[in-house]
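Chemist: This is the structure alone, sequence omitted:
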Ligand SMILES: Cc1ncc(COP(=O)(O)O)c(C=O)c1O
């Protein structure tokens, strides 16, 4: 009997290789990267001694894992403290922490919509939002990127229960959503506004309180935020922030909260440690933005094509997927780690280098990183990036 149910995988792998889109796992050592502009550690906190000590202490006290869903094995004082702190810091009534930002988006989208309701979603939204829309069973209208008028039209045509969803800062290009205009459109349509502030927390708003605080929308009765603890807070996990009745509703109905093991204690402790540092050292947020502007200004002055950053992500266009992979590898070989985004991670098919403007980069490191990216850039003959 021939039994080869996975033969189709080889054909897919060949197609991927032909398109220059093979992904491989590269080993990573325990120490920090020589010069790291690839991670999402925007504030340089993941190895901060206070953060690692807080993570370790939480694991010692509460165990290596949460041992089950918090609805089954109980909710620790540590989780409650993190939820209080996150809500207070970002200016919301209540918060719920989950095992990842991905799970937080699935939770909010599935619990706050459903059959018969409409989700209006920006075309540049993160994959976790796309998947949340699919899981929700709501109708989904995907509208052009950062286009408040398109949101307005979709909501007006639907007329019933609806939710608009957007990243605050888009992960591929680092540009910001028009939150004030979107809030106005939602108010007029009596629709909920869900904002994924994964890339805004710690970078935007006073002292890094996030994009919603910056826009004066934090704590508004129609607004819900999702967060990840894995970027500015240097830890792991996610959260939903909003009115207390919304958070209660999630505890009762969000499947990625109910049927998922609670956030690991070490991750909760690490995030609390990072929040404490951010409260004490609010200047880290402004510094991340300053580093982003410096990277953008110097790279574009030298002729590269990049998007003006609204937060800490600097996105530089590459001529092709192959060229982007080679460029990132050459940067790494020269001692500067940068990210590389290719299809299917980019909505428009344009591959990019993605540089993270970490708050703890020195002027010397910024100069080295810029020099490396420029020295390794694809030649004019390869494509029109310069
Ligand atoms: C915009 C956005 N939302 C959600 C997530 C998912 O967060 P997490 O990595 O905590 O699952 C990410 C992370 O990559 C992100 O960039």
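Modeler: Alright, I've got the coordinates. Please read all numbers here as calculations on a predicted model, not as lab measurements.
Chemist: how about the nearest residue to the residue of the stretch 251-386 of the chain found nearest the ligand, chain neighbours excluded?
Modeler: Residue nearest to the ligand within the stretch 251-386 of the chain: residue 313 (9.1 Å; Cβ to the nearest ligand atom). (C-beta placed from N, C-alpha, C; glycine too.) Once flanking residues are discounted, residue 313 sits nearest to residue 174: 3.1 Å by Cβ to Cβ, 6 or more residues apart in numbering.
Chemist: and residue 332, which of the three is it?
Modeler: Under DSSP: H, G, I helix; E, B strand; the rest coil, residue 332 falls in the helix class.
Chemist: Return the residues in contact with the residue of the stretch 251-386 of the chain closest to the ligand.
Modeler: 169, 171, 173, 174, 199, 292, 354, 355, 356, 357 (Cβ atoms under 8 Å, 6 or more residues apart in numbering).
Chemist: Mark which of these are buried, thanks.
Modeler: Using 16 or more other Cβ atoms under 10 Å as the burial test, the contacts of residue 313 include 169, 171, 173, 174, 199, 292, 354, 355, 356, 357 as buried.
Chemist: Need the phi and psi values for the nearest residue to residue 161 once chain neighbours are set aside.
Modeler: In space, and not counting its chain neighbours, residue 161 is closest to residue 117: 4.2 Å by Cβ to Cβ, 6+ apart. Note on residue 117: backbone dihedrals following degrees, to the nearest 10 are phi -100, psi 170.
Chemist: tell me the pLDDT at residue 117?
Modeler: If you check residue 117, the pLDDT there is 97.
Chemist: ok so, going back, JSON lines for the buried ones among the contacts of residue 313, including pLDDT and secondary structure?
Modeler: Formatted as JSON lines, these follow (pLDDT from 0 to 100; DSSP: H, G, I helix; E, B strand; the rest coil):
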{"residue": "169", "pLDDT": "98", "secondary structure": "strand"}
{"residue": "171", "pLDDT": "90", "secondary structure": "coil"}
{"residue": "173", "pLDDT": "91", "secondary structure": "coil"}
{"residue": "174", "pLDDT": "95", "secondary structure": "coil"}
{"residue": "199", "pLDDT": "98", "secondary structure": "coil"}
{"residue": "292", "pLDDT": "98", "secondary structure": "helix"}
{"residue": "354", "pLDDT": "95", "secondary structure": "strand"}
{"residue": "355", "pLDDT": "97", "secondary structure": "strand"}
{"residue": "356", "pLDDT": "95", "secondary structure": "strand"}
{"residue": "357", "pLDDT": "95", "secondary structure": "coil"}
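Chemist: any chance of the residues you listed in JSON lines, with distance to the ligand too?
Modeler: Shown next, in JSON lines, are the buried ones among the contacts of residue 313 (distance: Cβ to the nearest ligand atom, whole Å):
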{"residue": "169", "distance to the ligand": "8"}
{"residue": "171", "distance to the ligand": "4"}
{"residue": "173", "distance to the ligand": "12"}
{"residue": "174", "distance to the ligand": "11"}
{"residue": "199", "distance to the ligand": "6"}
{"residue": "292", "distance to the ligand": "16"}
{"residue": "354", "distance to the ligand": "11"}
{"residue": "355", "distance to the ligand": "15"}
{"residue": "356", "distance to the ligand": "12"}
{"residue": "357", "distance to the ligand": "15"}
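Chemist: Adding distance to residue 271 as columns, could you present these in CSV?
Modeler: Shown next, in CSV, are these (distance: Cβ to Cβ, whole Å):
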residue, distance to residue 271
169, 19
171, 20
173, 27
174, 23
199, 16
292, 23
354, 23
355, 25
356, 19
357, 21
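Chemist: What's the separation between the residue nearest to residue 161 and residue 164?
Modeler: Separation of residue 117 from residue 164 (Cβ to Cβ, to the nearest Å): 12 Å.
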